[in-house]
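Peer 1: Make a model of this:
(chains A and B)
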Protein chains: 2
Amino acid sequence: MARPKPLSGFPEFLPEGRIVEQHVLGRLQRTFELHGFASIETRAVEPLDRLAKGGEIDKEIYSVRRLSAGDDAADDLGLHFDLTVPFARYVLENSGHLQFPFRRYQIQKVWRGERPQEGRYREFTQADIDIVGNGDLAAHHDVELPLVLLEAMEALHRDLGLPPVLMHVNNRKLAQGFYTALGIEDLAGVLRTVDKYDKIGPDAVRESLVTDIGLDASQAELCTRLAQIATPDASFVDQVKQLGVSGDLLDEGVGELAALVEAAGAQQPGRLVADLKIARGLDYYTGSVYETELVGFGSLGSIASGGRYDSLASDGRTNYPGVGISFGVTRTLVPLLGKGHLGASRPVPTCVLVAVESEERRGAALAVAGKLRKRGIPTEVAPKADRFGKQIRYADRRSIPYVWFTSAEAGAGGEVKDIRTGEQLPADPTRWLPDDEDLHPTVHGVWDPAG
Amino acid sequence: MARPKPLSGFPEFLPEGRIVEQHVLGRLQRTFELHGFASIETRAVEPLDRLAKGGEIDKEIYSVRRLSAGDDAADDLGLHFDLTVPFARYVLENSGHLQFPFRRYQIQKVWRGERPQEGRYREFTQADIDIVGNGDLAAHHDVELPLVLLEAMEALHRDLGLPPVLMHVNNRKLAQGFYTALGIEDLAGVLRTVDKYDKIGPDAVRESLVTDIGLDASQAELCTRLAQIATPDASFVDQVKQLGVSGDLLDEGVGELAALVEAAGAQQPGRLVADLKIARGLDYYTGSVYETELVGFGSLGSIASGGRYDSLASDGRTNYPGVGISFGVTRTLVPLLGKGHLGASRPVPTCVLVAVESEERRGAALAVAGKLRKRGIPTEVAPKADRFGKQIRYADRRSIPYVWFTSAEAGAGGEVKDIRTGEQLPADPTRWLPDDEDLHPTVHGVWDPAG
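Peer 2: Numbering: from 1, shown residues only, chains lettered A, B, ... in the order given. Predicted coordinates:
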């Protein structure tokens, strides 16, 4: 069998990259659970008629069928392309067994048959948090949810050396209330146009609002000026007022957005801005919308997006409103790892390699290893009774920090060498401890100090 | 949208079951890493020509293609049906970046389009450990690997209350050496017949060996007597000798098996037996073979199986021998959870619910929650400022053990109530700690005390 080639769009990590990913997922899990979110996993497949809605995403769906089903069998299952559609189905299917508001996190792979290109993957891991209510869901959850995500991102930055983030937030009620107060009817068209602001700039937005959407010049001017407002605090409220437009829905949106910006300023200062050009293409958002920039990596686009939706799911009798946000784990880690901005201290969990003097004395090495593991120290025994220099190289190639030499005297522990310093000391496997930072692999950011 | 129905063969857990699964996966990960196994994950799909080998399993493969590719597009990808095929491909693809012997664990879902029935799933999670060498791999790894799995299973039994296991082991060299010494040529046929021993019994095996495989009566008698040998220690060695058959390959197999049984007796007493009827259908095993019984749940079949293979993969120049074992996580947990034999202390991570006196005082509750979380205590704030009885019921329905009442005095912490005992005491959120066993949900076995 010739050496296989990677499949484009299906990234896989080497063990060191996987250790980074495990650390990232572990921190996310910890933060989400500190806030009372319960984990769920859903099956990879959904009925195709639940996935395909006639939208843009349909052509990216992977259909799935048994190979033995034959060519004329209908495809009726597809791989999920996000975690929202399966979560909505899970809520409906299990509503009688869940307690509402239901807080869940979900970290799984999703699949999209996109054209592979920089930053686009066909298989990638998402980490979603949502709060879903039964009938109603209070507005304070719109404030709570992005702050949980920001706290998780801050842990990744502080503990693992990922870049910091800046979340850009807006509110659909604000935008729609503003447009409605101006007498605009094609709200979706205006949103779609404003959504292109970062790509095409304010002049082209203003022009397109007139030419493509049919606004008059003053409507287009006001919509563009609204989109230009961005403040790190609640001062956007006055800037909106100065545009001289008013209405109840607008006021409600302004109030909700101000509450979020003020709470974020108190809890996560410098990590969130009100940014009134944020539209989010998806049309099911009805209140807060969130996008997240990885500072210094703007070209990645938004790495964590979401918002408020008044109907995540409905079974005809009960409506389930929700608020959610989805962090693109693969989308963030693949470029950071690929460009060498993240690394692990070693590619194996092993902290100690126990050397083997001769195959006859392998039992003594196994006994020491067992004692170390009982005390939580990840340990391997050398696979071959090579000369010690070669066994030390085995450890060195894997960045295993310590090599243990068993003693010839029965019962005695032996000596342990820190192969980085060369220091070798007598040690007892029932008492010895490595330095704290050596016990498990650690993850660190790698940044150009001049950058 | 009507309430969706579960898809047969695609089990999903409610939050409580998922907590049990998370605990199980966490223990597995911990044990595997203590032994120096590094985690990898591979993509869900492989080229179909790498999956489909013309065997029985082919018809169970799920093929995958983009919905937009059209009816006449050739299927060229399939979902992996185990973790061995993708691991072999990963080793070949990345051999230049891996250190050998390479020790990896891999915990992922796999898919098989089997007819759904009791104990058979179309999507299920496997946890695999393998050690793979570059060119060669010492026999002591055949002893090491099943002991790592037994240690993991023992942790699940001891810490989480799963039933204990009994591993049944054999050695292909022993069986093949024995058959060859008897002058038998159709080794695969004999193995296939002996594999049915548990289903059809010794008499039918003896008869089938004569009728279907063409052995003479004395060959069939000796093969059947070999299959009947099962000992919890190395006494099987004498029982094999008493059959009066000898040969080099047989001796080698007997020696390897004896080494494994003796090591297991010393490290995991009572958890492993030499069982000479174990054949394992798959024909790529060449030495040790392992099967594992969940004690009291024999009808589940083997929950962890594997063995030694002289060629996991080969690129023409280099051969990669390995030894591996695969634990069926879903296969084990779904029946234990379904029959109520495993449970979690609560279906949410939350340890403390902070009550909200009025929406105006939500800020005080949020401040207390923040202080508790900073100290690692999973905390939720009540979603509504209902009367306190209703807020306590919110906690009770989720088995959240503590409810915190903020104090009206600024700066004071308030009081915390253990809702199981009703005891309510003043507490400071910068110092208070829950009982150890209340901090996180715990998992326990649920067994009929009379059973």
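
Peer 1: which residues does A:Ala279 contact?
Peer 2: A:Asn170, A:Ala175, A:Leu191, A:Arg192, A:Val194, A:Asp195, A:Val289 (Cβ atoms under 8 Å, 6 or more residues apart in numbering or on different chains). Any C-beta I mention is one placed from the backbone N, CA and C, and that applies to glycine too.

Peer 1: who wins for neighbours among those?
Peer 2: Neighbours here mean other Cβ atoms under 10 Å in any protein chain shown. Within the contacts of A:Ala279, the largest count is held by A:Asn170, at 31 neighbours.

Peer 1: So that one, which state does it fall into?
Peer 2: Following DSSP: H, G, I helix; E, B strand; the rest coil, A:Asn170 is assigned to strand.

Peer 1: I figured it hits A:Leu276, correct?
Peer 2: Yes - A:Asn170 is within contact range of A:Leu276, at 5.6 Å (criterion: Cβ atoms under 8 Å).

Peer 1: residues in the stretch 201-350 of chain A within reach of chain B, list them.
Peer 2: A:Gln267, A:Ala313, A:Ser314, A:Asp315, A:Gly316, A:Pro347, A:Val348, A:Pro349, A:Thr350 (Cβ under 8 Å from any Cβ of the partner chain).

Peer 1: So the last one: helix, strand or coil?
Peer 2: Put simply, A:Thr350 is coil when judged by three-state DSSP.

Peer 1: now it, nearest residue through space, not along the chain?
Peer 2: B:Gly36 (3.9 Å; Cβ to Cβ, 6 or more residues apart in numbering or on different chains).

Peer 1: Now do the same contact list for that neighbour.
Peer 2: A:Val348, A:Pro349, A:Thr350, A:Pro378, A:Thr379, A:Glu380, B:Arg103.

Peer 1: same thing but at 10 Å, please
Peer 2: Counting by Cβ atoms under 10 Å, 6 or more residues apart in numbering or on different chains, B:Gly36 touches A:348-353, A:369, A:373, A:378-381, A:398, A:400, B:103, B:131, B:148.

Peer 1: Am I right that it sits in a helix?
Peer 2: No - judged by three-state DSSP, B:Gly36 forms no part of a helix; its state is coil.

Peer 1: Low-confidence regions, the stretch 251-400 of chain A specifically.
Peer 2: For the stretch 251-400 of chain A, the stretches flagged by pLDDT under 70 are A:281-283.

Peer 1: still on that earlier bit, nearest to chain B among the contacts of A:Ala279?
Peer 2: A:Val289 (21.6 Å; Cβ to the nearest Cβ).

Peer 1: Please identify the helix or strand for the residue positioned nearest the centre of chain A.
Peer 2: Nearest to the mean C-alpha position of chain A, counting by Cα atoms, centre = their mean, stands A:Phe327 at 3.0 Å. Assessed by DSSP states H and E, A:Phe327 sits inside strand A:319-328.

Peer 1: That strand: how far from the chain's middle?
Peer 2: With Cα atoms, centre = their mean, to the nearest Å as the basis, strand A:319-328 stands 14 Å off its chain's centre.

Peer 1: Using PDB, list the CA coordinates for the helix or strand where A:Asp49 lies.
Peer 2: Per DSSP H and E, A:Asp49 falls inside helix A:48-51. Listed in PDB are the C-alpha atoms of helix A:48-51, where the atom choice follows Å, rounded to 0.1, in the frame of the first residue of the first chain:
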ATOM      1  CA  LEU A  48     -32.400  14.700   5.000                       C
ATOM      2  CA  ASP A  49     -35.800  16.400   5.000                       C
ATOM      3  CA  ARG A  50     -34.900  18.000   8.400                       C
ATOM      4  CA  LEU A  51     -31.500  19.200   7.100                       C
END
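
Peer 1: tell me which residues of it are tucked away?
Peer 2: The neighbour-count check on helix A:48-51 (16 or more other Cβ atoms under 10 Å in any protein chain shown) flags A:Leu48, A:Arg50, A:Leu51 as buried.

Peer 1: swap in stretch A:328-346?
Peer 2: Buried, per 16+ other Cβ under 10 Å, within stretch A:328-346: A:328-337, A:341-344, A:346.

Peer 1: And the nearest residue to A:Ser358 once chain neighbours are set aside, which helix or strand is it part of?
Peer 2: In space, and not counting its chain neighbours, A:Ser358 is closest to A:Ala385: 5.0 Å by Cβ to Cβ, 6+ apart. Under the criterion of DSSP H and E, A:Ala385 resides outside all helices and strands.

Peer 1: hang on, A:Ala385 packs against A:Val356?
Peer 2: Yes - contact status for A:Ala385 versus A:Val356: in contact at 4.4 Å, counting by Cβ atoms under 10 Å.

Peer 1: Going by distance to chain B, which of the buried residues of stretch A:328-346 wins?
Peer 2: A:Arg346 (9.4 Å).

Peer 1: residues contacting the closest one?
Peer 2: A:15-16, A:19, A:395, A:398-401, A:438, A:440-442, B:38.

Peer 1: got the residues of the stretch 351-451 of chain A near chain B?
Peer 2: When proximity is defined as Cβ under 10 Å from any Cβ of the partner chain, the stretch 351-451 of chain A approaches chain B at A:351-353, A:356, A:359, A:362-363, A:366-367, A:369-370, A:372-381, A:383-385, A:394, A:397-398, A:400, A:440-441.

Peer 1: Weed out the non-buried ones from these.
Peer 2: Buried among those (16+ other Cβ under 10 Å): A:351-353, A:356, A:362, A:366-367, A:369-370, A:372-373, A:377-381, A:383, A:385, A:394, A:398, A:400, A:440-441.

Peer 1: For stretch A:181-191, what is the spacing between the initial and final residues?
Peer 2: 15 Å (Cα to Cα, to the nearest Å).

Peer 1: quick one: contacts of that stretch?
Peer 2: A:172, A:175-176, A:178-180, A:192-193, A:205, A:208-209, A:212-216, A:218-220, A:222-223, A:226-227, A:243-251, A:279-281, A:283, A:285.

Peer 1: Among these, name the ones in helices.
Peer 2: A:172, A:175-176, A:178-180, A:192-193, A:205, A:208-209, A:218-220, A:222-223, A:226-227, A:248-251 (DSSP state H).

Peer 1: Find the nearest non-adjacent residue to A:Gly296, please.
Peer 2: Setting aside the residues directly before and after it, A:Gly296 is nearest to A:Pro163 in space (Cβ to Cβ, 6+ apart), at 5.3 Å.

Peer 1: Kindly report the same for A:Gln228.
Peer 2: Leaving aside its sequence neighbours, A:Gln228 sits nearest to A:Pro202 (Cβ to Cβ, 6+ apart; 6.1 Å).
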